[in-house]
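Engineer: what's the 3D shape of this:
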Amino acid sequence: MQRIQVQGVHHITLVGSTRQSAIDFWQGVLGMPFLFEQPNLGLESENHLYFDPGDGRLLTVFTNDAHPDAGRAAPREVGCVEHIAFNVSRASFQQAPARLEQRGISFTQRDRGFMDSIYLRDPNGLKVELACYKFETPSGFRDADVLMAAYRLRIARGDHHIDASHVADAIEQLIATRDRLE
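Structural biologist: Got it, this is the predicted structure:
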């Protein structure tokens, strides 16, 4: 049986609360330009807001001004979304804690070995991650190429998780394969 081959994320749609709450968070806090809105064609009582998360794709939010912000953490159960991660530059990542503190938004910062993460919640409790790789992907390769090579090195070495040494060695290996092809 043949599979359907996907080619990337087209868009993500969230169930939000009010129009203004969505604009204040996604555009005001995270800097995603608000592109346009239209009715939710599947549910007439809702509006459908469209934002640009920075890569030319879309993040959309269903809103209904009769629904207040949830004011609680989104459920973390089987079948639920745990979090959505957005790429940020190293410079933006370094400025994020102060900017979130200025807005009174609580967050958690984590070192993930091959990347750094800041976690916060939208007004309806959805966990949002600001993620920044600790490496620069070499020309001609994808981030996934570096991570797969680093993973193979981690497994071969019996290490607990990917760290900077795995990433550095993976990049060196990838560049060597590219140089042999040229």
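
Engineer: How about the backbone phi and psi for Phe141?
Structural biologist: Torsion angles at Phe141 (phi, psi; degrees, to the nearest 10) stand at phi -130, psi 170.

Engineer: Please apply the same query to the one 10 residues further on.
Structural biologist: When read as degrees, to the nearest 10, the backbone of Tyr151 gives phi -60, psi -50.

Engineer: residues contacting it?
Structural biologist: Contact partners of Tyr151, counting by CB atoms under 8 Å, 6 or more residues apart in numbering, are Ile162, His166. Where C-beta positions appear, they are placed from N, C-alpha and C, glycine not excepted.

Engineer: I'd say Leu174 and Leu147 touch.
Structural biologist: No - counting by CB atoms under 8 Å, Leu174 stays clear of Leu147, with 10.9 Å between them.

Engineer: Who is the most centrally placed residue in the chain paired with across the strands?
Structural biologist: Centroid-nearest residue in the chain, with CA atoms, centre = their mean: Ala85, separated by 1.8 Å. On the basis of DSSP bridges, Ala85 takes part in beta bridges with Glu129.

Engineer: Packing partners of the helix or strand of the chain with the lowest mean pLDDT?
Structural biologist: Here the helix or strand of the chain ranked lowest by mean pLDDT, DSSP states H and E is helix 164-181, holding a mean of 90. For helix 164-181, the packing partners by 3 or more CB pairs under 8 Å, 6 or more residues apart in numbering; DSSP states H and E come out as helix 143-157.

Engineer: List the buried residues of the helix it packs on.
Structural biologist: Of all the residues in helix 143-157, those buried under the rule 16 or more other CB atoms under 10 Å are Asp145, Val146, Leu147, Ala149, Ala150, Leu153, Arg154.

Engineer: Which parts of this protein are strands?
Structural biologist: With DSSP state E as the criterion, the chain has strands at 11-15, 34-39, 47-51, 58-63, 84-87, 108-111, 115-121, 127-133.

Engineer: Distance-wise, check Gly56 relative to Asp179.
Structural biologist: For Gly56, the distance to Asp179 (CB to CB, to the nearest Å) stands at 31 Å.

Engineer: got it, and Leu120?
Structural biologist: For Leu120 relative to Asp179 (CB to CB), the value is 41 Å.

Engineer: between these two, which one's more packed in?
Structural biologist: Leu120 (20 against 8; other CB atoms under 10 Å).

Engineer: partners of that one in the sheet?
Structural biologist: Following DSSP bridges, Leu120 is listed with bridge partners Val128.

Engineer: I figured it was touching Ser106, is that so?
Structural biologist: Yes - Leu120 is within contact range of Ser106, at 7.0 Å (criterion: CB under 8 Å).

Engineer: Now list whatever residues contact both of the two.
Structural biologist: The contact sets of Leu120 and Ser106 overlap at Leu100 (CB under 8 Å, 6+ apart).

Engineer: Sweet, I'm off.
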